[in-house]
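> missing the sequence, but the structure's below:
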């Protein structure tokens, strides 16, 4: 199948009408009409087979996830998504793979009314780069540099499921017991409604893609503050609680990435409004720590003892 | 070297100040301020090592070319470039490669005042996806679908050099004799000033990335017309004339890609203004054919006989 037929196939799976798309796929570039009086929020993320997803991941899940990880970045900025471009590098012109990939991509795009406006298909190792665009009112984007000493730290949903899905595979847990965890790994739900609800309320925000501590370190560094996490407060899913215990679970929750929840900070005076607004849109959030004077991120156990990573797992020290 | 150090290295090489970049590299996404009353033109292109450039291409040239092929698409729309994102997949964290790659990328970005506002670095086979953004006044973008019967067909600069560079390598032409051709292959100059000058004058435009005939076929198909090319009129560089002759040169000019010249159509009544405007900005253009009733693209020799491709080369038939 020729490149142009693959493009037609992808396009036919991803048809979403938007008035602000003046010219979509099929020319040298797309022509788009940004809404007056808004800022544009843009990011790009690449998924490499075997690095960002296991080689046996279903094609639909790869398509979904390639868009999801990008929309999660828009969610973390509080942006409303609009347009995507898809650069797809494939080892061969495998129509079945492309059809299923595009179906997964389109399912998530339709949920959030995202128009696919351009892209490129090339030959090479399976690599997918998606670029997404969204809008925010001027000055209202959620950034990493706004956390202030005294702010509280929150996270949406639950943590650790995606990393637990990979850990469960390694220990040969039967597929039926992994189902809920695998769904989190393969089909993450970008927290777009939560991000939009946090505009004007959160002081800083980031999505949990590399792991809670690693991601919060960026917030701490960019804001010039320290962050303390109460490990006992970390929200866990029933699936995670059923499958992992103790330090193993803690390591998954503090260090595991790919959950695509939002970690954010807010002034205590705003916490009440904020949790109420989130609850109203069905987005649970949990208070997990505080912003302090200093630098870096430190987790503490229920007894108040600092927790640190050693030998690939998490250990307590006095 | 860690991912974040590589990002810092790339960022330090690519610093361009723009007022419309509200937040650049370092958050979940960039925050950009599109100019009021303009349309946004966006495209993305991927280069795969060994597919889009020879494996021994200098790193500076890869960086330059990754941006150039994208800016060429903006040129073909008549857009003024503004912002780029760079998704770089690397086999290893090779600081020297990244430094030289970023230097090449930055040299072209600086020429056209393009700010690098985001990206991603990942581990895998060398693959580079760049996304670029530009602006056009509403309704003035050059599209592929505007060619009309009776229009004339033009091309900027000269054709065939990039393909000739590859052909000369295959036949072991000494490097010093290939220099001018190699420069066209490795460091294409996107025709941004030409594209902007063509706004309001050209009826359709495309960049010559896949080869003149292949690219004009898109214009013909999208415009619902046929295109006739006078092979004898195709502009050739001194380097090409010195290295290739006859049908071999013709094949390079009609079928060779990667020159990143602009092929465009215009009404005869506008041709004079158009060539004058282009000449004023130092962009030569040559009339090479006409738009006719029908479909597809056909080249003719000086005697008016149709030319067709056979067995990997170009043959005349009666």
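Structure's in. What do you need? Quick caveat, the model's predicted, so the values are computed rather than measured.
> In chain A, spot the helix with the most residues.
Longest helix in chain A, counting residues (DSSP state H): helix A:59-77.
> taking the mean pLDDT, what do you get for it?
Averaging pLDDT along helix A:59-77 gives 98.
> and the next element down the chain from that helix?
Downstream of helix A:59-77, the first helix or strand assigned by DSSP states H and E is strand A:80-90.
> give me every residue that touches the residue most central in space within chain A.
Nearest residue to the geometric centre of chain A (Cα atoms, centre = their mean): residue A:260, 3.0 Å. Counting by Cβ atoms under 8 Å, 6 or more residues apart in numbering or on different chains, residue A:260 touches A:68-69, A:72, A:75, A:162, A:188-191, A:207-209. Placement of C-beta: from N, CA and C, glycine included.
> Just the angle for the longest helix of chain A relative to strand A:80-90, thanks.
140 degrees (axes from the mean of the first three to the mean of the last three Cα atoms, to 10 degrees).
> which parts of helix A:59-77 are buried?
A:59-77 (16 or more other Cβ atoms under 10 Å in any protein chain shown).
> What about chain B: which of the contacts of residue A:260 touch it?
Residues of those in contact with chain B (Cβ under 8 Å from any Cβ of the partner chain): residue A:207.
> Does the residue nearest to the centre of chain A belong to a helix, a strand or coil?
Classification of residue A:260 by DSSP: H, G, I helix; E, B strand; the rest coil places it in coil.
> ok, now how distant is it from chain B?
From residue A:260 across to chain B, the span is 11 Å (Cβ to the nearest Cβ, to the nearest Å).
> For that residue, give its distance to residue A:14.
21 Å (Cβ to Cβ, to the nearest Å).
> cool, and residue A:135?
On the measure of Cβ to Cβ, residue A:135 and residue A:14 end up 20 Å apart.
> Who has more neighbours out of the two?
Counting neighbours by other Cβ atoms under 10 Å in any protein chain shown for residue A:135 and for residue A:14 shows that residue A:14 has the greater number, 25 against 20.
> Show the contacting residues for the more buried one.
Residue A:14 neighbours (Cβ under 8 Å, 6+ apart): A:102, A:105-106, A:109, A:115-116.
> Apply 10 Å and report the result again.
Going by Cβ atoms under 10 Å, 6 or more residues apart in numbering or on different chains, residue A:14 touches A:24-25, A:63, A:67, A:84, A:86, A:102-103, A:105-107, A:109-110, A:114-117, A:119.
> next one: residue A:175
Contacts of residue A:175 by Cβ under 10 Å, 6+ apart are A:168-169, A:182.
> Could you do residue A:257 as well?
A:159-160, A:162-163, A:166, A:207-212, A:214-215.
> Throw the residues you listed into TSV and include neighbour count, thanks.
Shown next, in TSV, are the contacts of residue A:257 (neighbours: other Cβ atoms under 10 Å in any protein chain shown):
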residue	neighbour count
A:159	29
A:160	34
A:162	24
A:163	24
A:166	17
A:207	27
A:208	28
A:209	20
A:210	16
A:211	21
A:212	28
A:214	16
A:215	22
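> out of those, who's nearest residue B:307?
residue A:209 (54.0 Å; Cβ to Cβ).
> Confirm the closest one sits in a strand?
No: counting by three-state DSSP, residue A:209 is located in no strand; its state is coil.
> do you know how far residue A:214 is from residue A:308?
Remark: distance between residue A:214 and residue A:308 (Cβ to Cβ) = 14 Å.
> secondary structure element for residue A:213?
Element membership of residue A:213, judged by DSSP H and E, is helix A:212-223.
> I meant to write residue A:31 there.
Per DSSP H and E: strand A:30-32 holds residue A:31.
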